[in-house]
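Undergrad: Mind folding the following:
(chains A and B)
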Amino acid sequence: MTTPVHIGFIPLVDAAALIVAVDKGFTASEGLNVSLVREVSWSNVRDKLNIGLFDAAHLLAPVAIASSLGIGHVKMPIAAPFNLGLNGNAITVSPALHAAIMAEIDGDRFDPMATALALSRVVATRRKSGAEPLTFGMTFPFSTHNYQLRFWMAAGGVDPDEDVRLVVLPPPYMVDSLASGQIDGFCVGAPWNSIAVDRGVGHILHFVADILVRAAEKVLAIRQSWSDKNPGIVAALIRATFRAAEFIEQPHNRAETARLLAAPERIGVDAEVIQRTLDGRLKILPDGTMRESSRYLLVGREGAARPDPVQAAWLYAQMVRWGQASISPEALETAKAVFRPDLYDAALGHTAKPDSDASDAVGAFAGPAFSADDIAGHLAAFQIRRRKS
Amino acid sequence: MGAESSPKIVIVDESPIRAAILEEGLREAGYTSVVHISEMQSLLARIYALDPDVILIDLENPSRDVLEQMFQVSRAVRRPIAMFVDQSDAASIQASVDAGVSAYIVDGLKKERLKPILDLCISRFNAFAKLQDELDRAKSALEDRKVIDRAKGILMKVKGLTEDEAYVLLRSTAMREKKKIGEIAQSILTASELLK
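TA: Below you'll find the predicted structure:
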């Protein structure tokens, strides 16, 4: 007797652990009959999870936190017992903006502080000449992409609400919008950055790993109440996705993983493009310039799959910084409690803490080390910020 | 309902037929101010310019996430509220998601005025889905017909049968193998393709 489980996902490479868990039969061998349902918007995933059409979902980590806090939408406590990926996003800009930034840069082109300062000079020049403000696309108000873009540009003195425009765009529309000049750049997950480069309309300026050493990205999200009622199914799901993450991280399995993800009913883009992301070896310029990073997307390695409440606290701090959430000790606790290493450890029989390169578990390129115990003190170090109205 | 009190409704839908069905339903019900947006470029700017009271969007539309940004724009005077923010009517929420539509009401419009609009929307979306389903079935029946005719032709040629005998053979095989006649016909086409 197998248990039916409905799981929603958005066609992005960081849904890999879920897709592989199902398509390699890891969920079936745990006694689960999972139907993966491809969705077109984060709003749909969130709503269908909320009303119970989905039992679990591939979800933006900040949406899980916002739902649990009841901000931007109806309050629905969410448990995230498995991190589907760390990092994996990139900032891509138009060839024109790339040239303008490179003309102003003082320092290494992969140094986010150097590019952010260069961006602020580009913005100042445009303002003087009366040009329209630059427009950047991101995927959702409560998205890592939104916070990563903001964190990066604000470090160089660019106010993301005053000096430029940030607009929400569905990932499949990003590349066309960049090509048509509707936007000047975007922050999005794979495969869309590579597709912009292949089409010759985008230059990858940064991997998110340049900005944050460890950034929680998508989580396996489950309604708290459902998780409480079905601990056995949740544990089985964790084990199956963990096995999938281990499979994906074996270099000799990458080609097979890319092929599984490339299927039309999964992500539906070329396996070769998907494999670049898994390998962390990306073409960053249309002329064929390559860049490698050992931290482009982490699916399970370096303890990436174990949810870290400090990451949840950092995302909550971004919501406070940009005026989406008010600050309170209760809200901070609620945010941290979304990430459930306890469920992860119980399912896998683990107790070990993951190794981490970043002493504060986030490793941001600017500002003081992150302290989850003193969000107000931490945010005081950042000049550009909003207050919740 | 007088024209002056009719709320302004925006339909965001890339399917022109479904939008037309919905628009017609709304007009028949006395909602005179209905605008359909089918072009997703600069969606937010268009919506701000129209300044609607209610926004209806189909759930297959990736641009739903764009609408969520309206909650965030601090300079906007009037802010939309997703229907979901009020969970008091769980049945209607469920029905609308099942039908494939979502509603946003803009601050200021009384909640009870959304209910009849939403109910109408749900029934029209369901009617459209039924229509689509019938169309798909008719199409596949037509496809089957073509495949069966070609399979009959092959059987007539290879086995020297009459058309009626060829059909009887197809039908009896289908019954014996518990398959559809169309499936048996398709396998004959595939086999004959392979044996060419």
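
Undergrad: Any stretches of the chain with poor pLDDT?
TA: With no chain named, the answer covers chain A. Scanning chain A for pLDDT under 70 picks out A:1, A:351-359, A:389.

Undergrad: Chain B was what I was after
TA: Low-confidence segments of chain B, defined by pLDDT under 70: B:1-4, B:73-88.

Undergrad: quick one: the strands in the stretch 101-250 of chain A?
TA: A:135-138, A:165-168, A:185-189, A:203-207, A:218-223 (DSSP state E, counting those that start in this stretch).

Undergrad: ok, now how distant is B:C121 from B:A103?
TA: Per C-beta to C-beta, to the nearest Å, B:C121 is found 7 Å from B:A103. (C-beta placed from N, C-alpha, C; glycine too.)

Undergrad: top helix in chain B by residue count?
TA: For chain B, the helix with the greatest residue count under DSSP state H is helix B:114-159.

Undergrad: Could you do chain A as well?
TA: From DSSP H, the single longest helix across chain A is helix A:231-249.

Undergrad: now the longest helix of chain B: how far from the chain's centre is it?
TA: From the chain centre to the centre of helix B:114-159 is a distance of 13 Å (C-alpha atoms, centre = their mean, to the nearest Å).

Undergrad: follow-up on the earlier one: tell me which helix or strand comes right after the longest helix of chain A.
TA: Sequence-wise, the next helix or strand downstream of helix A:231-249 (DSSP states H and E) is helix A:254-262.

Undergrad: Buried residues, that next one. List them.
TA: Within helix A:254-262, the residues scored as buried using 16 or more other C-beta atoms under 10 Å in any protein chain shown are A:254, A:256-258, A:260-262.

Undergrad: What parts of chain B come near chain A?
TA: Residues of chain B lying close to chain A (C-beta under 8 Å from any C-beta of the partner chain) are B:40-42, B:44, B:59-69, B:71-72, B:74, B:82, B:84-85, B:87, B:90, B:93-94, B:97, B:102.

Undergrad: For the residue of chain A at minimum distance from chain B, list the residues it contacts.
TA: Taking C-beta to the nearest C-beta, chain B has its nearest neighbour within chain A at A:P170, 3.4 Å off. Residues near A:P170 by C-beta atoms under 8 Å, 6 or more residues apart in numbering or on different chains: A:40-41, A:139, B:62-63, B:65-66.

Undergrad: With neighbour count, secondary structure and distance to A:V362 added, can I get those in a markdown table?
TA: As requested, the contacts of A:P170 are exported to a markdown table (neighbours: other C-beta atoms under 10 Å in any protein chain shown; DSSP: H, G, I helix; E, B strand; the rest coil; distance: C-beta to C-beta, whole Å):
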| residue | neighbour count | secondary structure | distance to A:V362 |
| --- | --- | --- | --- |
| A:V40 | 20 | coil | 31 |
| A:S41 | 25 | coil | 28 |
| A:T139 | 26 | coil | 20 |
| B:P62 | 20 | coil | 30 |
| B:S63 | 23 | coil | 32 |
| B:D65 | 25 | helix | 26 |
| B:V66 | 24 | helix | 29 |
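
Undergrad: ok, those vs B:A151, which is closest?
TA: A:V40 (38.4 Å; C-beta to C-beta).

Undergrad: for chain B, what spans make up the strands?
TA: With DSSP state E, the ranges of strands along chain B come out as B:9-12, B:34-37, B:54-58, B:80-82, B:101-106.

Undergrad: do you know which of those lies nearest B:S192?
TA: Comparing the strands of chain B by C-beta to C-beta, strand B:54-58 comes nearest, at 42.9 Å.

Undergrad: Name the strands paired with that closest one and say parallel or antiparallel.
TA: strand B:9-12 (parallel), strand B:101-106 (antiparallel) (DSSP bridges).

Undergrad: Same list (those strands) but as JSON lines, adding mean neighbour count and distance to B:L114.
TA: Output for the strands paired with strand B:54-58, formatted as JSON lines (neighbours: other C-beta atoms under 10 Å in any protein chain shown; distance: least, C-beta to C-beta, whole Å):
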{"stretch": "strand B:9-12", "mean neighbour count": "23", "distance to B:L114": "10"}
{"stretch": "strand B:101-106", "mean neighbour count": "24", "distance to B:L114": "5"}
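
Undergrad: so which of those strands gets nearest A:F9?
TA: Closest to A:F9 of the strands paired with strand B:54-58 is strand B:101-106 (C-beta to C-beta; 19.2 Å).

Undergrad: Now do that closest one against helix B:114-159, angle only.
TA: Per axes from the mean of the first three to the mean of the last three C-alpha atoms, to 10 degrees, the angle that strand B:101-106 makes with helix B:114-159 is 160 degrees.

Undergrad: Residue numbers of the stretch 1-150 of chain A in contact with chain B?
TA: So far as C-beta under 8 Å from any C-beta goes, the stretch 1-150 of chain A lies against chain B at A:40-44, A:47-48, A:50-51, A:53, A:72-74, A:139-141.

Undergrad: ok, now which ones touch B:Q72?
TA: A:72, A:141, A:324.

Undergrad: run the last query once more with 6 Å
TA: Shown in contact with B:Q72 (C-beta atoms under 6 Å, 6 or more residues apart in numbering or on different chains): A:P141.

Undergrad: Return the member of the residues of the stretch 1-150 of chain A next to chain B nearest to A:V269.
TA: A:V40 (15.3 Å).

Undergrad: for the chain, which residue is closest to the average position?
TA: In the absence of a named chain, this looks at chain A. The centroid of chain A falls nearest to A:E217 when counting by C-alpha atoms, centre = their mean (3.1 Å).

Undergrad: that's the other chain; I wanted chain B
TA: Of the residues in chain B (compared using C-alpha atoms, centre = their mean), B:A129 is nearest the centre, at 4.7 Å.

Undergrad: which non-adjacent residue is nearest the closest residue to chain A within chain B?
TA: Of all residues in chain B, B:P62 sits closest to chain A, at 3.4 Å by C-beta to the nearest C-beta. The shortest distance from B:P62 to any residue other than its chain neighbours is 3.4 Å, reached at A:P170 (C-beta to C-beta, 6 or more residues apart in numbering or on different chains).

Undergrad: now do B:E60
TA: A:V40 (6.0 Å).

Undergrad: Is that neighbour in contact with B:P62, as I believe?
TA: Yes - A:V40 lies in contact with B:P62 (C-beta atoms under 6 Å); the separation is 4.4 Å.

Undergrad: by contact count, what packs against the longest helix of chain B?
TA: helix B:16-28, helix B:90-99, strand B:101-106, helix B:163-177, helix B:181-194 (3 or more C-beta pairs under 6 Å, 6 or more residues apart in numbering or on different chains; DSSP states H and E).

Undergrad: and chain B, what are its domains?
TA: Domain assignment for chain B by automatic domain parsing gives B:3-133, B:139-194.

Undergrad: deepest of those domains, which one?
TA: Ranked by mean neighbour count, the domains of chain B are led by domain B:3-133 with a mean of 17 (mean count of other C-beta atoms under 10 Å in any protein chain shown).

Undergrad: residues near A:T241, how many?
TA: 30 (other C-beta atoms under 10 Å in any protein chain shown).

Undergrad: which residues touch it?
TA: Residues near A:T241 by C-beta under 6 Å, 6+ apart: A:17, A:21, A:82.

Undergrad: Show the buried residues in these.
TA: By 16+ other C-beta under 10 Å, the contacts of A:T241 give A:17, A:21, A:82 as buried.

Undergrad: and the residues you listed, which of them are in strands?
TA: A:F82.

Undergrad: just the buried ones among the contacts of A:T241 now: which is nearest B:K159?
TA: Checking the buried ones among the contacts of A:T241 against B:K159 with C-beta to C-beta, the nearest one is A:A21 at 49.4 Å.

Undergrad: Surely the closest one touches A:A240?
TA: Yes - between A:A21 and A:A240 there is a contact under C-beta under 6 Å: 4.3 Å.

Undergrad: Now for these two: what residues contact both?
TA: A:T27.
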